[in-house]
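> Sequence plus predicted model, see below.
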Amino acid sequence: MAFLGSIPNRIKAFWLQFAFVVVLMTITRVIFHVFNATAFNGVTTYDYLVGFWFDCVTASLFMLPFAAFYLLPLPIRLVEKKWVKIVHGSLYTLTVLILIGLNLMDVEYFHFTSKRSTIDLLAILSAGSDFKQLITTFIKDFWYLILFFALGFWIIVKFFSRTNKQFLQSQEKAGVSSLIGFLISIGLLIFIGRGGFVFKPVNVLDASRFVSSSKTALVLNTPFTMVKSIGNEGLKEVNFYASIEETEKYFNPIKESKPLNILPDKTNVVILILESFGKEFIGYYNGGKTYTPFLDSLLSESLAFDAAFANGKKSIEAVPSIFASIPSLLDNPYISSQYNSNRVVGLPELLKQFGYETAFYHGATNGSMRFDSFAKYIGFDHYVGKNEYPNQQHSDKTWGILDEYFNPWTAKQITKLKEPFLASLFTLSSHHPFFVPGHRQKEVIQGDQPLCASISYGDLSLRLFFEEAKKQPWYDYTIFILCADHTPGTVTPFYNLQTQLYQIPMAIYHPGGKLEKGRSSEVVQQIDIYPTILDLLNVKTLYYSFGNSIFDKTDRFSVSYLEGNYFFVENDKLMIFSGIQARNLYDYTSRNQALVDILDRNRSQVSLYEKRLKAIIQRYNHDLIRNKTIAVK
């Protein structure tokens, strides 16, 4: 009690006001839950505790400006000025009204979007005249929300006034205790606002670390999702076609799988994502010096694709492309965009419906690129990272566990999964700073770039994975999908050309020999992996995908996006599109060191490419903005 007596009254008043804000936010969550009860099943006290934590984080972020002014040790003569008191009261009231107002807004708006609103809501409200036309209807239909808001306003004003009267009847001098209290309070708000002792400030996607994806909207709050999406460039609706239905003449993301009946039902799947494995370093593709002798031999025993494309230039863009068939056709990677909490049915979630256990293995520090959170969000049962690896001495001291240790260990860990399973291993070591341990320096193949040796080391580690996998009982009953996450940086002029910007190795390997071997010239991309696996596993289902099964020979294309430009590949051509029209057309199969623009002499072909790409862009923007990225009959 003596300790409490030493705390300045203004500090006590502030933290009581802070607690009141969190209570109000919890009340708005209850209201949100009651009005959207059918959207959330099996809600427990734990879910509300997670929500309470997110409310504390949010309140800390929003209350920081008020705290800085309210708690700042000022002379008594200044604190008692009427205008100072008015600013204190107004700032507190406005802050709390924003918090509860945004939450109350989503009580009804959630019905339309199935997610907490983000800053892209402004784009929807400003598109056309819908908002102006509907505002009177909103007021009429949702009058009770306005009533809740007005009641909240009255309670806030009364509470702030009462706490000030209770604690600040006689003003204290601004002494050392006030300064210490000010500094501690501000520091504590920053600490809570970051989410505690975390590597990166807590984000929207982190909710999936604590609850299932079906309940993330419940535990999150709208002020949090709004503030976390500020600065992320949102998509804008485009109207190349008069309606979404018209775009379906050229592209439709809602598809139905076509079982191939090549492989037995319940075949296992392992997806190997090879960090920065560019075709430049793989002898199988370029016929030159190779840094990947093992991968070369594996490709010769696989169905390998000469025209395979990544859907992004970053590792963080590869994961949603591969497992959710959603490319990052926006300025921010999908995982870090405001659409990362959209409802999707990822490949892991879908396969679980057919009895598959799923696991994602990545030797990097847990939380790297938020892969752990996203893996959980799209349905992986297990995420296994550096934290789960038993010997931290095997770390590269930068990113995580060296591939030569993590890869074969992963092969053993996969055996613990119940068959059938979907497992993915994302390799690590061929990432900058391209570290190769000393005891392997003489084994790896050196080259002109530092990356060469690390690619060689990655190939050596891939061999170790397969050597261990061959010992496991599941090996002969498993298909292996291999692809790079993206192309690496390079100093070679040819591989810096726009035609080579997204070309990666990709192959399917089946140890049992039931899948055809050879080279294919068909255009394939990372977002094709999801639908291809469904066909190979004989799964009959409706699904949402921007890609197509590689066995569908009628719809072959690739699409990616970089700084306002869309890269669209079809047949043997690469079209670069920005704004409302094609800017360039190249033959991506050309081995010339300089690009030759053939746009003018291929206008009719370009027109067809534009029609398809415009349909993809319009559907992509429309569906992501409106949270319609699931298959609905």
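Nice, I can see it.
> CA atoms for contacts and neighbours, from now on please.
Will do.
> got the residue ranges for the helices in the stretch 351-500 of the chain?
371-377, 403-414, 450-469 (DSSP state H, counting those that start in this stretch).
> Give me the contacts around the second one.
Counting by CA atoms under 8 Å, 6 or more residues apart in numbering, helix 403-414 makes contact with 361, 363, 389, 394, 423, 425, 427-429, 458, 460-462, 464-469, 472, all of which sit outside it.
> Please identify the buried residues of it?
Neighbour-count burial for helix 403-414 flags 403-412, 414 (criterion: 16 or more other CA atoms under 10 Å).
> Could you pull up the mean pLDDT of that helix?
For helix 403-414, mean pLDDT rounds to 98.
> Can you report how many residues lie near Leu599?
17 (other CA atoms under 10 Å).
> same question but for Asp106, I mixed them up
Asp106, neighbours per other CA under 10 Å, totals 22.
> Check which helices and strands the helix or strand it falls within sits against.
Asp106 belongs to helix 82-113 when assigned by DSSP states H and E. Other helices and strands packing on helix 82-113, by 3 or more CA pairs under 8 Å, 6 or more residues apart in numbering; DSSP states H and E, are helix 9-35, helix 45-70, helix 143-167, helix 222-229.
> Now do the buried residues in the third one.
The neighbour-count criterion (16+ other CA under 10 Å) identifies 145, 149, 152-153, 156, 159-160, 163-164, 167 as the buried residues of helix 143-167.
> next one: the second one
Going by neighbour count (16+ other CA under 10 Å), the buried part of helix 45-70 is 47-48, 50-64, 66-67, 70.
> and of the buried residues of helix 143-167, the nearest to Ser297?
Using CA to CA, Leu145 comes nearest to Ser297 of the buried residues of helix 143-167, at 65.2 Å.
> what's the residue nearest to that closest one when sequence neighbours are not counted in contact with, if anything?
Spatial nearest neighbour of Leu145, excluding adjacent residues (CA to CA, 6 or more residues apart in numbering): Leu104 at 6.4 Å. Leu104 sits next to 28, 31-32, 145, 149 when contact means CA under 8 Å, 6+ apart.
> how far away is Leu104 from Phe148?
8 Å (CA to CA, to the nearest Å).
> picking up where we left off before, ok, which of the helices and strands packed on helix 82-113 comes nearest Asn203?
Comparing the helices and strands packed on helix 82-113 by CA to CA, helix 222-229 comes nearest, at 6.7 Å.
> Give the next helix or strand downstream of the closest one.
From helix 222-229, the next helix or strand downstream (DSSP H and E) is helix 244-247.
> Direction included, what does the next helix-or-strand element following that following helix pair up with?
Reading on from helix 244-247 to the C-terminus, the next helix or strand found by DSSP H and E is strand 254-256. Sheet pairing for strand 254-256, assigned by DSSP bridges, gives strand 542-544 (antiparallel).
> Show me how far the partner strand is from its chain's centre.
How far strand 542-544 lies from its chain's middle: 20 Å, per CA atoms, centre = their mean, to the nearest Å.
> what sits up against that strand?
So strand 542-544 is in contact with 253-257, 325, 345, 629-631, going by CA under 8 Å, 6+ apart.
> Show me which of the residues you listed is closest to Arg583.
Pro253 (25.6 Å).
> Go ahead and confirm the closest one touches Asp555.
No: contact status for Pro253 versus Asp555: not in contact, 11.9 Å apart, counting by CA atoms under 8 Å.
> Which of these two has more residues huddled nearby?
Set Pro253 next to Asp555 and count neighbours by other CA under 10 Å: Pro253 wins out with 21 against 15.
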